[in-house]
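[1] how would this look folded up:
(2 chains)
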Amino acid sequence: MFFLSRQTVHRNRSLYAGSFVALALGVFLLGLAATATAATVAYHGPAADTVVVKLPNADPPTTARVVLSGEDASGLQVVLSMVGVISGFITIFVIASTFAFAVASRRREVGLLRLIGATPRQIKRMVLGEALVVALAASITGAILAQLATPLVLAKASYSELAPVKLEPANPWVPLAIAVTAGLVVAMLGARSAARRAGRIGAVDALREAALEPPRIGPVRVVFGVLVLAGSIVLLALIRPGTGEAIFPLAMFTPMLLVVALTLLAPLVVPLIGRLWAIPLVAWTSVSGRLARSNVVAAPRRSASLAAPILGISAIAGSMVLTLSFAADASTATIRETVLAPIVVTAADDSPDLRERILSTPGVAVADGAIPLSLIRTDRDTADLEDAEGIDPAITTRTRTITPLTGDLGKLTGKTVAISKEVAGFGNYHVGDKIAVTFADRTSDQLEVVAIVKDALDVNPSLFVPTELARQHAPAATPTRWFILPAEGVDAAALTKTLDERLAGTGADAVPAEEWEQAQSEGMRKANQLGLILLLGPAALYSAIAIANILLMGSLQRRHEFVTARLLGATPAQIRRMVLWESSLVGAVALSLGTAITLTVGLLIRHAMTVGLTDVPITVPWVTLLSIGTICLLLAIGAALLPTAVILRHTRPSAALQS
Amino acid sequence: MTSTAPTRHTVVPTEAPALLLDGITKTYRSKAGAVEALRGVTYHFVRGSFTAVMGASGSGKSTLLQCAAGLDQPTTGHVMLGGTSLHGLTEVALTKLRREQMGFVFQAYNLLPSLTVYDNVALPLRLTGRKPRREDVHRVLDQVGLEGKAKRRPAELSGGQQQRVAIARALITQPAVFFADEPTGALDSSTSRQVLSLLREATDRAGQTVVMVTHDPVAAAYAERVLFLSDGLVAGSLDHGNPAQIAAAMSDLER
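    Residues are numbered from 1 along each chain as shown, chains lettered A, B, ... in the order given. Purely as a prediction, here's the structure:
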């Protein structure tokens, strides 16, 4: 059947060119992510900056290399792996719907093959063979493009926020082999359900004029759809506050699950919502809206295939945008709640005699200048770089909220440490436990846990140590920020002004706490934005091509229908209007489902993150969200209308009479 | 219908029939209620015979063909093809029987547009897993008068030529039974003649059995027997009729 596959791919170029582009682009993204990851893996930090920590209790005993400055490519690695996951998911999704579409538009051809003696298994093999032909060509093309683009991407990524180091291309064979394999596997997975459906087409379908599909949907599919739907809702409901960095992957995975669920249920859901949206359309237009409704509702699988890429990207992009905005809201509230001092002094690295200047300013009652330091926390078999602060608990507890959940911060003297709940969770530490640490001066020690405090990751570090211990191991470190309490009766605004004057020339600034808080959350939003662009940029571009692609395929397949309608007396304008309403209807259905997913994910994650917080602002990025919807809709309409217009211009109605 | 005798008893088969229909009924269920397309058809198609099946629209002639070819399951009754009962066969077994024993020619030429004429004709053999021999393919192409057109694609051929490719495709497996559904429906009269002569030849020369559904008396006159269907029942038959007789019989039937 491979012979036949090759021929049919050749013939159905318009159907397969789309799949080829989609897959080649997907493999290109995967390949880039893989080669860039290889470059980050190959990167070793400068020797002077690297500490080798012994892990004698690991099984087998081993050592770990930790770059003290934190200047490695791990941030980039995380982003790259997420880019890989998103690209992989969207690729499977697009390929599956493209193939489903290709099979649905060839019912008669498949029926004919069955008629002249092809068994269902042979048909399945033919569809899979077609997928293989396309996948081979597309994967190799994508891999070659990825290899060509790698140096460019690495040059861009080097010395960036995510990888403040120089990255060199590594050996490309392994990562590219992975990308090509992934492309082939993805194509085969995507083609599998289409192949199975093709195998069910009967010989009698060759004789039926109308290529209408049966509207049935298997019970197994419904059950799976409902299970995945329930699973993702449960997952969302289980999220707890203080999830921190895990928000990114959660905001990415849960909408993916929901998208899968709705796609499984699409043949049920799409006609339903399509009918709903069609009510105003039918009322408003004459015949074109009515025709559009029939076309969308009567072929649920076809409509579902067309809607799938719009649903996929709108749900994932919408959820991530909304969730991250809500996460920033929660962080803003946390910062507000944590900072008690009305004034914050931010210092440059080398401000001289800052301590004396601040403390000698009249009106300053308490100045909380903690010493920032990095240390390596060693577990049984891991060594992690943690940020810490050397504090005097008597002072710091007056300027910031540090809520001990268990233990007593007053005991923070000598070789002790107070840890955040997050760290306690990682290492399963309790008050009284000893934690093995290595300082920047390469000395190791055991610190006793005296308290476990509530997470406030945007203001407080994950570990607190006594000031003396910090001084001892990081003698050169100076505070980078001071939280200032004015003396009783002293006006905070006036004191801010006085401080600012006294600090002139040191590079340090005194600002009201609200201003500092504002700057912190803005910084966070900016960082989120960068993350979103990196993660969604490639996926969005990819989806845009996929949306255009599948609608283009859809319109090209309908030449005969359009021409027949012309013969029956429809004007070109009427047909164009019908296609306009049809693609708008499909787009509206997909975007409604995408909106439902976005709202579900956004609201549930917001609820989980803000438990226990008061006064949380609500920021909805309307412009971004509406832009996503508008672009999807415009793409869908444009990609459907353009080929229709071309077909109508180049054919006479009489063409319907020729076969 | 003076020349028409009761069907079942006229032909006494001298050997096992190529195709046997035994009490076939077919009922379609839809929202509007049940429709009885066939109401009990029993008939033997003799080996090497050319039979035309005629009837008004909705008389059940296409359903009869589909049931006989195993494309559709009769509601009750049996179909035997060369001694094999189609009843209870799996889809795969049915498919294999179809590709080894049956050939199909339809009004829509039903060629794969992506394949050349040669590959279209060779396809049934490839589907059985056999490698087609060049001379076999060229022989059937010669037989239908398409020598030299092997490398063309269907879109480059006229309607009559496409239909002859379809016949060549059916001939290549040397099937026992040919099923034809309005094979000349889309052709002009001179190309129709060529196509019908080819079917006639299949029975005369190779002893194959042809069952052809048509509404055209001229086409039906190529058959040695015309079977008339009305309301899902065999209403009569006519042997060796000319087009005028067949047309008269048809209009009698419709009255």
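
[2] so what's A:T403 up against?
    A:T403 is in contact with A:453-454, counting by CB atoms under 8 Å, 6 or more residues apart in numbering or on different chains. Just so you know, the C-beta spots here come from the backbone N, C-alpha and C atoms, and that holds for glycine as well.

[3] In the chain, where's the longest helix?
    Chain wasn't specified; assuming chain A. If you go by DSSP state H, chain A has its longest helix at helix A:513-556.

[4] Let me rephrase: I mean chain B.
    Longest helix in chain B, counting residues (DSSP H): helix B:189-206.

[5] what about the closest residue to chain A within the stretch 101-250 of chain B, which SS state?
    Residue nearest to chain A within the stretch 101-250 of chain B: B:S114 (2.8 Å; CB to the nearest CB). At B:S114 the chain is in coil, as set by DSSP: H, G, I helix; E, B strand; the rest coil.

[6] Next up, phi/psi of it, please.
    Dihedral pair for B:S114: phi -80, psi -20, per degrees, to the nearest 10.

[7] And for stretch B:180-191, what's in contact with it?
    Stretch B:180-191 is touched from outside by A:207, A:659, B:62, B:65, B:104-109, B:158-160, B:163, B:167, B:192, B:195-196, B:199, B:210-216, B:218-219, with contacts defined as CB under 8 Å, 6+ apart.

[8] distance between the longest helix of chain B and the chain's centre?
    The chain centroid and the centroid of helix B:189-206 are separated by 13 Å under CA atoms, centre = their mean, to the nearest Å.

[9] In that helix, which residues are buried?
    Judged by neighbour count using 16 or more other CB atoms under 10 Å in any protein chain shown, the buried positions of helix B:189-206 are B:191-196, B:198-199, B:201-203.

[10] ok, which residues in the stretch 1-150 of chain B are in contact with chain A?
    Contact residues (CB under 8 Å from any CB of the partner chain) of the stretch 1-150 of chain B with chain A: B:62, B:66, B:71-72, B:91-92, B:95-96, B:98-100, B:104, B:106, B:108-110, B:112-115, B:119, B:123-124, B:126-128.

[11] mind running it again at 6 Å?
    Proximity of the stretch 1-150 of chain B to chain A, by CB under 6 Å from any CB of the partner chain, involves residues B:71-72, B:92, B:95, B:98-99, B:104, B:110, B:113-115, B:124, B:127.

[12] Any idea how many residues pack against the closest residue to chain B within the stretch 501-650 of chain A?
    Taking CB to the nearest CB, chain B has its nearest neighbour within the stretch 501-650 of chain A at A:H560, 12.5 Å off. With neighbours defined by other CB atoms under 10 Å in any protein chain shown, the count for A:H560 comes to 13.

[13] With the one 10 residues further on instead?
    Around A:A570 sit 20 other residues, with neighbours defined as other CB under 10 Å.

[14] Where do the strands of chain B begin and end?
    Counting by DSSP state E, the segments of chain B that form strands are B:19-30, B:33-45, B:50-55, B:76-81, B:84-85, B:102-106, B:177-181, B:209-213, B:225-230, B:233-239.

[15] Mean neighbour count and mean pLDDT added to these, as JSON lines?
    As requested, the strands of chain B are exported to JSON lines (neighbours: other CB atoms under 10 Å in any protein chain shown; pLDDT from 0 to 100):
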{"stretch": "strand B:19-30", "mean neighbour count": "17", "mean pLDDT": "86"}
{"stretch": "strand B:33-45", "mean neighbour count": "18", "mean pLDDT": "87"}
{"stretch": "strand B:50-55", "mean neighbour count": "26", "mean pLDDT": "91"}
{"stretch": "strand B:76-81", "mean neighbour count": "17", "mean pLDDT": "90"}
{"stretch": "strand B:84-85", "mean neighbour count": "12", "mean pLDDT": "86"}
{"stretch": "strand B:102-106", "mean neighbour count": "25", "mean pLDDT": "86"}
{"stretch": "strand B:177-181", "mean neighbour count": "24", "mean pLDDT": "90"}
{"stretch": "strand B:209-213", "mean neighbour count": "26", "mean pLDDT": "92"}
{"stretch": "strand B:225-230", "mean neighbour count": "23", "mean pLDDT": "90"}
{"stretch": "strand B:233-239", "mean neighbour count": "20", "mean pLDDT": "87"}
